[in-house]
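In: could you work out the structure for the sequence below:
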Amino acid sequence: MRLQQFQIDAFSNRVFGGNPAAIVPLTGWLPEACMQAIAAENQLSETAFVVPDQGEGSYALRWFTPSTEVDLCGHATLAAGHALWQELGEAAPTLRFRTRSGELLLTRDGAQMWMDFPARPAVERAPPEALVTGLGVQPQAVLAADYWLVIVDSIAALRGLSPDMRRLAEIDLPGVIVSAPGDGEHDFLSRFFAPKCGIDEDPVTGSAHCTLAPYWSERLGRQHLRGYQASARGGTVECRHAGDRVHLGGHAVTFLRGAIEIPA
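Out: Prediction:
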């Protein structure tokens, strides 16, 4: 069986930046083991599968890391929208994705796309030993939501992190966000580690900003924020905190158009 596959660099307006995601458009779901095998073969932080749903611009969307299916992924949602609009001829001005995290909306504002995601505010929590020793840094604050959120006091501390991934894989939550105050151009910086899900460091993580936006919005007293994920590839995420929702904006660009062969 031959299937289309696109590789999209999300949260970037140039190739080799942002976070790459594979997008596989389908007419119906493949067996879960097959989708997981495709994601493992791709070895990207996410492979997303898109199936047409009922209604104009409506799709079902699922996300897989190389080792597991996840509940929410921002960069692969942005990439899916780019693939549908730019590569597959979708004309609807708003895309509606039915996902494990409920309905997610994606709209366009010129070249920029905006996602409507659930806010995931974090609360202070005592960190497990594996988190502190795994990061090897003294945190300014530790909070938790769906991921751990660790605040450090400087960009130097953030950029200098060299975590023990084996230790971080032992923690209870699926990922660790580390964040620091901004650099003037950006309101805050962050990095994201998820060895428990088969991703040592994710280049740009939309779902992490569902927690970062509420935290920095409250701390800075502003609803519209600009975040930068300081990975090797790097990427900018525009954030608008709106109560129980977070609007995340970014660009995407196509790197690869191809086909994959799987057993019938």
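
In: and the closest residue to residue 181 other than its chain neighbours, how far is that from residue 230?
Out: Nearest non-adjacent residue to residue 181, counting by C-beta to C-beta, 6 or more residues apart in numbering: residue 188, 6.3 Å away. Bear in mind the C-beta positions are built from the backbone N, C-alpha and C, glycine included. Applying C-beta to C-beta, to the nearest Å, the value for residue 188 to residue 230 is 10 Å.

In: same check on residue 58?
Out: 36 Å.

In: who's more crowded, the two?
Out: Neighbours were counted for residue 58 and for residue 230 using other C-beta atoms under 10 Å; residue 230 has more, 21 against 15.

In: for that one, which non-adjacent residue is spatially closest?
Out: Residue 230 sits nearest to residue 189 (C-beta to C-beta, 6+ apart), 4.9 Å away.

In: contact partners for the one you found?
Out: Applying C-beta atoms under 8 Å, 6 or more residues apart in numbering to residue 189 gives the contacts 155, 158, 179-183, 227-230.

In: just the element for it, please.
Out: Residue 189 is part of strand 188-194, with elements assigned from DSSP states H and E.

In: strand partners of that strand, parallel vs antiparallel please.
Out: Using DSSP bridges, strand 188-194 pairs in its sheet with strand 176-181 (antiparallel), strand 199-202 (antiparallel), strand 224-229 (parallel).

In: in three-state terms, label residue 103 for me.
Out: What DSSP: H, G, I helix; E, B strand; the rest coil gives for residue 103 is strand.

In: just to revisit the earlier point, pretty sure the residue nearest to residue 181 contacts residue 216?
Out: Yes: applying C-beta atoms under 8 Å as the test, residue 188 and residue 216 come out as touching, 4.7 Å apart.
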